[in-house]
Each structure stands twice: as C-alpha cells, then as structure tokens.
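Engineer: Predicted model follows, preceded by the sequence.
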Amino acid sequence: MKPLIVGNWKCNPSSLKEAVKIFNRIKKETNLLKKAEVIICVPFIYLWPLKNISKNKINLGVQDIFFEEKGPFTGQISPLMVKDSGCKYAIIGHSEKRKLGDDDDTINKKIKKSISCGLRVILCVGEDQDARKTKNMFEVIFDQLKNGLAGVSKKHVKNITIAYEPVWSIGTGKFCPVDDVMVMNIFIKKTIIKLFGKNSAQKIRIIYGGSVNSENGSDYIKKALMQGLLIGAESLTGGFSQIIKKI
Ligand code: PGA
C-alpha cells in the first residue's frame, strides 16, 4: 500500500485564487511522483471549486465536521453536505480544534456521524508538553482513542486512520524523535487491538504529524514505520512534493 500523505491547509490561504494556484501545483507535482496516496484537507469554502479542478486526481478532505446531518444548527457543515461535494475524508479531533473546545464526547459524535454518512475519518491524537514531561503520554493517547472511538463498530474500523500528532510538535519546528514515534506506533496498534480485536490493527492506518518537512518526513515512514504523514505548514509550499519525493 502506498503511504498516505495528508495535507492540512488549516485556515489558509486567504483567497480562492491562491488556493487554486497551490492546488494546481500539488496536482501537477504529485501526479508526476505517483509515490503516495494524497489527500488535501482544505477550508470548507474551497471544497467545490477545488473538486471541479481536481478531476479526481487528488482526494479532498475537510478539517472538521458537525455531528448532525441537517437541521437548526446555525453555522455548521454536516457530513452529508461534505459527502455531496465529492469529498471523502474528514480530519476529526485535531489539537487546534480540541483547544477551541472539542472534547472526546464531541469528537466521538463527529466520528460516528461521519462514518454513518459514508466519510472516512482521520482521527488526530497527541499528548501536550506537560503529559510528555510527566510521562503520561500513553494514558493520554489511550483515553483519546478509547473515548473517541467508543461505539464505533468493528466493521467500520477500516474507515479510520489514526494520526499521531504530539501537540508540542505541531507548528513549532520541534521534531519528535523517530524512536519515540515508533514506540507510539506500536502502542497505538496494541490499543486498537484491545479495543477492536485481533485483526483490527491491519485495517487501520497510523500516520504521523508534527513539523514534518523534507528532512524528517521519510524517517517517520522508513524508520518509525508510519503508514503516512499529516503535513500542515509544508502542505502550502513546494516542500510538500519534496517530502513525497523522499519517501
Ligand atoms: P505542522 O502541522 O506540519 O505545521 O506542524 C501539522 C498539523 O497540524 O496537522
């Protein structure tokens, strides 16, 4: 299976014109590389226009989603709307959303509704600086997985990707040592087996995110044996295809 490379544009860029320019560059370069399965998670407002120019060459995703299908929920975007745009993936539980108030219960509702509407979920988990200092990171990751995935049935495990993203590494330029990522990779696999049974770990992909660039990206795949990467800042630059080139 090719590595899964997910770009997370966050709240960028600030115009559709720029979004089209970045997207077209990614489309052209990654098409040449053919080394990875690429998903670009864009702000909702760019979904339809980018879908029209992607010609199904690049998968699109969103960075969050609401947990109801429709109704009186001002300002929300539902999984059905996202699915209708042709988009197949939703990042859920990103630490920047957790900081704004998404707790495990909300994340769990978002995951279950997305799956029932036919989307694939990229669930982000990660410890903050304090949890790392006090060596509590395994408890933190275990709870985020257990609570976030509560009530998800075994048959839907294949629709989930776990992104391990240490919070202290996101957007900071602080790299998580490859050995630590490998240990967490194994821990997440074991947890998935505990939650969903023996064969479940083979069905879920585990990827890494946090200050990934063209210098460290390939190590997380080749040495820490991650099955892909979640890339923030570099997904808006030419660095994105450089990362793919080296994996
Ligand atoms: P970063 O972001 O690559 O800019 O650290 C990763 C993420 O937020 O998913």
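Structural biologist: Alright, I've got the coordinates. Numbering: from 1, shown residues only.
Engineer: what secondary structure does the residue nearest the centre of the chain sit in?
Structural biologist: Nearest to the mean C-alpha position of the chain, counting by CA atoms, centre = their mean, stands Ile122 at 4.3 Å. Assigned with DSSP: H, G, I helix; E, B strand; the rest coil, Ile122 falls in the strand class.
Engineer: and it, bridged to which residues?
Structural biologist: For Ile122, the beta-bridge partners under DSSP bridges are Ile91, Thr161.
Engineer: nearest spatial neighbour of the closest residue to the ligand within the chain, skipping sequence neighbours?
Structural biologist: As assessed by CB to the nearest ligand atom, the ligand sits closest to Gly232 within the chain, at 2.2 Å. All C-beta atoms are positioned from the backbone trio N, CA, C, and that covers glycine. Excluding the flanking residues, the one nearest Gly232 by CB to CB, 6 or more residues apart in numbering is Asn8, at 5.0 Å.
Engineer: what about the residue lying closest to Met137 once chain neighbours are set aside, distance to Asp143?
Structural biologist: In this structure, Met137 finds its nearest non-sequential neighbour in Glu127, 3.7 Å apart by CB to CB, 6+ apart. Distance, Glu127 to Asp143, using CB to CB, to the nearest Å: 10 Å.
Engineer: Who are the contact partners of the residue nearest to Met137?
Structural biologist: By CB atoms under 8 Å, 6 or more residues apart in numbering, the contact list for Glu127 reads Asn136, Met137, Val140, Ile141, Pro166, Val167, Trp168.
Engineer: helices or strands up against the helix or strand bottoming out on mean pLDDT in the chain?
Structural biologist: For the chain, counting by mean pLDDT, DSSP states H and E, helix 16-33 ranks last in confidence among helices and strands (a mean of 90). Counting contacts by 3 or more CB pairs under 8 Å, 6 or more residues apart in numbering; DSSP states H and E, helix 16-33 is packed against strand 37-41, helix 47-54, helix 239-246.
Engineer: any idea which of these is most buried?
Structural biologist: strand 37-41 (a mean of 24; mean count of other CB atoms under 10 Å).
Engineer: partners of that strand, with directions?
Structural biologist: Paired neighbours of strand 37-41 in the sheet (DSSP bridges): strand 4-8 (parallel), strand 59-62 (parallel).
Engineer: quick one: buried residues of the first one?
Structural biologist: For strand 4-8, burial by neighbour count (16 or more other CB atoms under 10 Å) applies to Leu4, Ile5, Val6, Gly7, Asn8.
Engineer: possible to save those residues as a markdown table with pLDDT?
Structural biologist: Output for those, formatted as a markdown table (pLDDT from 0 to 100):
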| residue | pLDDT |
| --- | --- |
| Leu4 | 96 |
| Ile5 | 96 |
| Val6 | 97 |
| Gly7 | 98 |
| Asn8 | 98 |
